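Asker: Here's a sequence, model it:
(2 chains)
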There are 2 protein chains.
Amino acid sequence: MNRQMIIASIITIGDELLIGQVVDTNSAWIAQELNKIGVWVKRRISVGDNKDDIRKALDEESRGANIILMTGGLGPTADDITKPILCEYFGGKMIVNEEVLNHVKFLFEKVYRRPGAILEVNLKQAEVPDVCQVLHNARGTAPGMWFEKGEKVFVSMPGVPHEMKGLMQEKVLPRLKEHFVMPAIVHQTVLTAGAGESMVADRLKHWEAALPAHIKLAYLPNYGMVRLRLTAFGQDKNKLEAELESQLVQLKPLLADWFVIDEDLTMPQVVGKKLKERKQTTATAESCTGGYIAHLLTQDAGASSNYKGSVVCYDNEVKIDVLNVDRKTIEEFGAVSEPVVVQMVKGALDALKTDYAIATSGIMGPDGGTEKKPVGMVWVAVGNKEKIITREFQFRFDRLRNIELTAMNALNLLRKFIDEESKGPIL
Amino acid sequence: MNRQMIIASIITIGDELLIGQVVDTNSAWIAQELNKIGVWVKRRISVGDNKDDIRKALDEESRGANIILMTGGLGPTADDITKPILCEYFGGKMIVNEEVLNHVKFLFEKVYRRPGAILEVNLKQAEVPDVCQVLHNARGTAPGMWFEKGEKVFVSMPGVPHEMKGLMQEKVLPRLKEHFVMPAIVHQTVLTAGAGESMVADRLKHWEAALPAHIKLAYLPNYGMVRLRLTAFGQDKNKLEAELESQLVQLKPLLADWFVIDEDLTMPQVVGKKLKERKQTTATAESCTGGYIAHLLTQDAGASSNYKGSVVCYDNEVKIDVLNVDRKTIEEFGAVSEPVVVQMVKGALDALKTDYAIATSGIMGPDGGTEKKPVGMVWVAVGNKEKIITREFQFRFDRLRNIELTAMNALNLLRKFIDEESKGPIL
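Answerer: Residues are numbered from 1 along each chain as shown, chains lettered A, B, ... in the order given. Here you go, the predicted model:
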């Protein structure tokens, strides 16, 4: 934390957060966006649709923060608790906002094309405290509300993620930048693969200890990879950028073969970028990952230039029929075996006509393990027409985590294959 | 909230939560598990790796709760902040726990098979306050810690989700059930599809208003579907179950055609269950969903009996080569069109030899939209050898949300197709 930073607190409102049926993805996204403009989130808190708890949260959070962002508690079945509390808290009265009313009607009539479905509760969303500035929510019926109390800013937004994101990007972030004097802030992300958090930290300890106080390092491990995030605070953005640049020059040789890329990209994005640069394509042949690698590669727009598709061969007959895997190989070695994933790569290259292919076959659990092939055992192959490399993994987690780890490690294997190939002969 | 319930508060610790690089999935899972045993989570709070903030959170949360569960702040690079604070807070001193030390060594030597990678920071994880009861963490190096202060229980767990989950299930939940007298609690979930939250709420308003005080109804909308959760609190579990049973009898006819299932299942699980009951299989042919439906259908174990696989045909050539879609049809109508998804269903039925198939083709955004085919436009087809039905959707969200909505609605379409088929002729 840096004393120059503006401090924010996030309050998420809704019983659904406390009974655990909804994972709060809003807070992380808001924190990330605030960080980018130089605002430090000191606390995040979730409370239920309960007057006393919301009021208490407003009191407590406003004590330690300049900015209090709230999401949720505005839905049509939320018993309309949040708005009256805000109205009372900031000493106003409820009025109908004509602009919001027209927008609600417009959405039901023109966008949802269900004018008959408009209900009293929907129209009530046009009622707002007269002490707030209404922030137009283009994506939904509940408007954003901006309150000021002394030096502090309070913003209430709906909890629906895409509505909240739109409001933040179009209204809240620009206004916050106008309202507060923000420090300059610069980030540099480095993705590493091949070592755990403690090993990376150990290798970097002397360099890390020598970092100046205004440069902060965060370790963000996930999927057996570690993302490093350097953040520099100060007044002069150009100077900070130059400082991070020179730190990066020191960092890269320390990381050596663990270094993947010095951009804030995910592993699927790194693979997509490398393929795009080389004007090459890949395909996947997925047994145990069940389409998850395909999903990762198509999650970002623009994948169509480098990703052609996948044969998800969950059933062995699909391996045989579509990927031309030899039935005898499956019978002799089992579906989870090196010869089968090699044939799957060949089959995918033939069927989908790509430069590269990835194949996965493993036992994701919780059932299906044997002594020789325990849960978490996976064979991965990647390659092209000239060469195929394989690797056996043994993961130790629950089913979904094993799927995710297999996918990320398979993509990392393809990344290394492409890198090695562009260097010369493959190891 | 019910006065008979034990109150809990969850504190998640870690700068990574405040810079937004990590979505806190732990809190939702913990809240769900606590709810099941009759514990109500009143607040959730996230603070950074900062002594004052952690101490303040402990003070504040213990005032309003009987149980304070903490996750995170125990990793090898977390600067070892949480443990000394807990030690001081509960008035103890740090000692080496031999059992934990042996377990750390065992993990590095036998499980990770990297004895050379063991570091000072890893060994330090065996140090615990002498005033806690150590909870053995079979899945990782950082142990759980159980503290008691007066009537209140404090538990500290590592933030790695699968480690925390293991500790909760094996150690924390059983101990909490022993320590506190819990009320009887019974849940009944009903999945609906076809109407939004406000429409469902409007249709149920009289029934809902007549619910007794000890039965609570929650609306949990997601992907254009609404999950209803009835929760009954009391002393006598059998009586509560009978009460919910009779409420369900009233509820079903009110929901009519929106009713999907009266179990706590996701839409992919509902489809899997129906196929399994009928000993039938399905396949998917995914363009715009890019393997996401396949991923949803293989996320739970046991899918292999009813799901054979997918052809992810992100590229049109794959539609033509693998699914036998007619090139002229694509040229004439475009890839996002009714005739193409119909041919994709036929192609998937042929290539993957299943009873049913689902096909998707759409424009997920943010680019690629035209006036005639805007972003969010999707064609879905489902069917079997006898009949194929199609539906056009127009979603209005960001890319990932559009993918998710397409997948869920396609699965719902197959569910309806199977239901109608078992009734007789398909509408």
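
Asker: give me the low-pLDDT residue ranges for the stretch 151-300 of chain A?
Answerer: For the stretch 151-300 of chain A, no stretch is flagged by pLDDT under 70.

Asker: And the strands in it?
Answerer: Under the criterion DSSP state E, counting those that start in this stretch, strands of the stretch 151-300 of chain A are mapped to A:152-157, A:184-193, A:215-222, A:225-234, A:259-261, A:282-286.

Asker: Across the sheet, point out what pairs with the nearest residue to A:F393 once chain neighbours are set aside.
Answerer: With CB to CB, 6 or more residues apart in numbering or on different chains as the criterion, A:F393 has its nearest non-adjacent residue at 4.4 Å, and that residue is A:V378. For the C-beta atoms, the positions are set from N, CA and C on the backbone; glycine is no exception. Beta-bridge partners of A:V378, counted by DSSP bridges, are A:G362, A:F393.

Asker: OK, contacts around A:V378?
Answerer: A:288, A:336, A:360-363, A:392-395, A:402, A:406 (CB atoms under 8 Å, 6 or more residues apart in numbering or on different chains).

Asker: will you turn those into JSON lines that also has neighbour count?
Answerer: As requested, the contacts of A:V378 are exported to JSON lines (neighbours: other CB atoms under 10 Å in any protein chain shown):
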{"residue": "A:C288", "neighbour count": "25"}
{"residue": "A:V336", "neighbour count": "22"}
{"residue": "A:T360", "neighbour count": "29"}
{"residue": "A:S361", "neighbour count": "28"}
{"residue": "A:G362", "neighbour count": "27"}
{"residue": "A:I363", "neighbour count": "22"}
{"residue": "A:E392", "neighbour count": "13"}
{"residue": "A:F393", "neighbour count": "18"}
{"residue": "A:Q394", "neighbour count": "12"}
{"residue": "A:F395", "neighbour count": "22"}
{"residue": "A:N402", "neighbour count": "25"}
{"residue": "A:T406", "neighbour count": "28"}
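
Asker: Domains in chain A, by residue range?
Answerer: For chain A, automatic domain parsing gives the domain ranges A:6-179, A:185-261, A:267-423.

Asker: Those: which one's closest to B:L191?
Answerer: Among these, domain A:6-179 comes nearest to B:L191, with 12.1 Å by CB to CB.

Asker: Now find how far off-centre that closest one is within its chain.
Answerer: In terms of CA atoms, centre = their mean, to the nearest Å, the centre of domain A:6-179 is found 22 Å from the chain centre.

Asker: Can you measure across that domain, start residue to end residue?
Answerer: Start-to-end span of domain A:6-179 (CA to CA, to the nearest Å) is 11 Å.

Asker: Of all the contacts of A:V378, the one with the weakest confidence?
Answerer: Lowest pLDDT within the contacts of A:V378 is found at A:F395 (89).

Asker: Show me the helices in the stretch 251-400 of chain A, by range?
Answerer: A:267-278, A:292-298, A:316-323, A:327-333, A:338-352, A:399-423 (DSSP state H, counting those that start in this stretch).

Asker: Pipe the ones you listed into TSV and attach distance to B:A201 per row.
Answerer: Listed next are the helices of the stretch 251-400 of chain A as TSV, based on distance: least, CB to CB, whole Å:
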stretch	distance to B:A201
helix A:267-278	39
helix A:292-298	33
helix A:316-323	44
helix A:327-333	52
helix A:338-352	47
helix A:399-423	32
